[in-house]
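[1] Next input, structure requested:
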Amino acid sequence: MINKTILSTMLAGIVIATSVPSDANAASIRVKCDKRTSRSSISVDAKNLVPGQYRCQALSGSNQKTTALRNSAGDEMECDFASNAGDIAAGATRIAANFIQPGAVTGKIIDASGFTIASDAVTCRVRR
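    All right, here's what the predicted structure looks like:
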């Protein structure tokens with residue numbers, strides 16, 4: 001017969017193991033950027049978020065741009081930053097044409113409390 005203390009310890013371990021979120025459910029982020037002579041564009045996309053409100057942030061060199069709080073679409077969030085007037089008219093957050101410095105960007109998803117949920121740094125595609 002199993003000792004009650006051992007059984008209680010085993011059950012507690014099972015409860016803890018099944019209640020801790022796995023990495024498979026952790027928020028993930030994808031950052032893409034494109035630098036041209038006359039414009040810059042950045043896309044910050046996240047999935048596996050807890051539905052709620054988030055900000056997106058783009059950082060490059062000493063440049064930083066942060067969106068207002070936005071509702072996620074279920075467990076996903078998508079933000080675009082651009083210097084092209086057409087992209088801005090379509091909903092992208094305005095950035096300067098020379099925002100991307102020196103060809104790399106860090107994108108972040110920040111929750112309503114100001115905590116960074118996901119972040120990634122990428123090298124941008126540079127076109128002439």
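[2] what's the helix or strand for the residue sitting nearest the centre point of the chain?
    A centroid search over the chain (Cα atoms, centre = their mean) returns Ile109, at 3.4 Å, as the residue closest to the centre. Applying DSSP states H and E as the criterion places Ile109 in strand 104-111.
[3] on that earlier part again, does the residue nearest to the centre of the chain really touch Cys56, like I thought?
    Yes - using Cβ atoms under 8 Å, Ile109 makes contact with Cys56 at a distance of 6.2 Å. Glycine gets a C-beta too; all of them are placed from N, C-alpha and C.
[4] residues shared between the contacts of the two?
    Shared contacts of Ile109 and Cys56 (Cβ atoms under 8 Å, 6 or more residues apart in numbering): 44, 77.
[5] Can you report how many residues lie near the residue nearest to Thr123 when sequence neighbours are not counted?
    Once flanking residues are discounted, Thr123 sits nearest to Ala104: 5.2 Å by Cβ to Cβ, 6 or more residues apart in numbering. Per other Cβ atoms under 10 Å, the neighbour tally for Ala104 reads 16.
[6] so what's Ala104 up against?
    Counted by Cβ under 8 Å, 6+ apart, Ala104 has contacts 60, 121-124.
[7] And the closest residue to Gln101 other than its chain neighbours, how far from Asn98?
    Counting by Cβ to Cβ, 6+ apart, Gln101 lies nearest to Gly61, which is 3.1 Å off, once chain neighbours are set aside. Using Cβ to Cβ, to the nearest Å, we find Gly61 at a distance of 10 Å from Asn98.
[8] how about the residue nearest to the centre of the chain, what does it touch?
    Counting by Cβ under 8 Å, 6+ apart, Ile109 touches 27, 29, 44, 46, 49, 54-57, 77, 116-119.
[9] Apart from its neighbours in sequence, what residue is nearest Asn26?
    In this structure residue 26 is Ala, not Asn. Here the residue nearest Ala26, using Cβ to Cβ, 6+ apart, is Asn48, at 6.3 Å.
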